[in-house]
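**Student:** I'll drop the sequence and a predicted model, then ask my questions.
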Amino acid sequence: MRHQLRQKLGRDEHSTVAIADSSSGEDNRKKRVVYGFDGGKKVKGRKRHIVVDSQGLLIRVLVTEANASERLGAVVVLHEAAKELSRLEVVWVDSGYSGENFAQAVKQVCGEQVRVEVIERTSKTFERLPKRWIVERFRGRQ
């Protein structure tokens, strides 16, 4: 369905851009197998690792314990979506994914041609970051 939507929008069915993000969600229901504590956000529950394309269309999602690593989750999701990301050139992420080890892991999973671009905030207050807003917009639809 994502390929059809992209074609209707006049886009190639395979995106050259991916945007990775994660969010922890509090879960007050009975504890299940996938459950943990995110110390950074002080939340018990689960963490969703998502990858969307340049149009904000979901490519893949992975649900883990809230204490799972953002970077590892993103690498797993990218690995699982490797076939759909065969033409990938760039992955946009926030500063939580910065670092050479993450960039190298992405290259191993997606190919040497892929580069990781960290989109950083310039102020402490809310600001809409054009490239990052695409994934934030997806999260708002959940």
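**Tutor:** Structure received. Treat the numbers as computed from the prediction; the structure is a model and nothing was measured. Residues are numbered from 1 along each chain as shown.

**Student:** dihedrals phi and psi, Lys83?
**Tutor:** phi -60, psi -40 (degrees, to the nearest 10).

**Student:** how much space between Val75 and Thr16?
**Tutor:** 19 Å (Cβ to Cβ, to the nearest Å). C-beta here means a position set from N, CA and C on the backbone, and glycine is covered the same way.

**Student:** kindly report the same for Val61.
**Tutor:** 20 Å.

**Student:** repeat that for Ile59.
**Tutor:** Separation of Ile59 from Thr16 (Cβ to Cβ) stands at 12 Å.

**Student:** the protein: strands as residue ranges?
**Tutor:** 17-26, 36-38, 43-53, 58-65, 90-93, 115-118 (DSSP state E).

**Student:** of these, which is nearest Glu100?
**Tutor:** Nearest of the strands of the chain to Glu100, taken as Cβ to Cβ: strand 115-118 at 9.4 Å.

**Student:** tell me the mean pLDDT over that closest one?
**Tutor:** Rounded to a whole number, the mean pLDDT of strand 115-118 is 91.

**Student:** which elements pack onto it?
**Tutor:** Applying 3 or more Cβ pairs under 8 Å, 6 or more residues apart in numbering; DSSP states H and E, we find strand 115-118 packed against strand 90-93, helix 100-110.

**Student:** so of these, which one's packed in deepest?
**Tutor:** strand 90-93 (a mean of 22; mean count of other Cβ atoms under 10 Å).

**Student:** what packs against that strand?
**Tutor:** Using 3+ Cβ pairs under 8 Å, 6+ apart: strand 90-93 touches strand 17-26, helix 100-110, strand 115-118.

**Student:** what strands line up against the first one, and which way round?
**Tutor:** Using DSSP bridges, the strands paired with strand 17-26 are strand 43-53 (antiparallel), strand 90-93 (parallel).

**Student:** ok, and the closest non-adjacent residue to Gln113?
**Tutor:** Here the nearest residue to Gln113 in space, its sequence neighbours aside, is Glu89; by Cβ to Cβ, 6 or more residues apart in numbering that works out to 6.4 Å.

**Student:** great, nothing more from me.
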